[in-house]
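In: Have a look; sequence and predicted model below, questions after that.
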Amino acid sequence: MCATIHTMTTTTQTAIKIGDSMGVTLPAKDLKRYGIKPGDRLRISFEPEVPVQDDVMKDYANFKRQYGETLKNLANR
């Protein structure tokens with residue numbers, strides 16, 4: 001019988017090339033904290049980190065500055 005322990009950690013890692021495949025490394029502190037050893041099975045979930053371009057953030061800041069109060073007022077109607 002195999003017990004399941006539900007714990008989760010979040011980290012941002014960079015994909016690296018390993019032969020024809022790609023992989024990610026796990027931080028040593030997390031390996032130690034969870035007692036992960038070579039050969040242990042892990043369930044991995046991932047979400048690509050999409051960089052936001054500076055001009056998009058500037059446009060958003062300008063929009064928020066110009067229409068922020070109006071949007072708050074509409075939301076509170």
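Out: Thanks, I have the structure now.
In: where's Asp30, which helix or strand?
Out: Taking DSSP states H and E as the definition, one finds Asp30 inside helix 28-34.
In: Looking at the helix or strand just after that helix now, give me its mean pLDDT.
Out: Per DSSP H and E, the first helix or strand lying C-terminal to helix 28-34 is helix 54-75. For helix 54-75, the mean pLDDT works out to 88.
In: Around Leu26, count how many other residues there are.
Out: 15 (other Cβ atoms under 10 Å). The C-beta positions use only the backbone N, C-alpha and C, and glycine is treated the same way.
In: just checking, it touches Ile36?
Out: Yes: using Cβ atoms under 8 Å, Leu26 is in contact with Ile36, at 7.2 Å.
In: any idea how far Thr70 is from Val56?
Out: Note on Thr70: its distance to Val56, by Cβ to Cβ, to the nearest Å, is 21 Å.
In: quick one: contacts of the helix holding Asp30?
Out: With Cβ atoms under 8 Å, 6 or more residues apart in numbering as the test, helix 28-34 has contacts from 7, 9, 11, 36.
In: ok, now how distant is the second one from Ala61?
Out: Yep, that's Thr9 we're talking about. Separation of Thr9 from Ala61 (Cβ to Cβ) stands at 32 Å.
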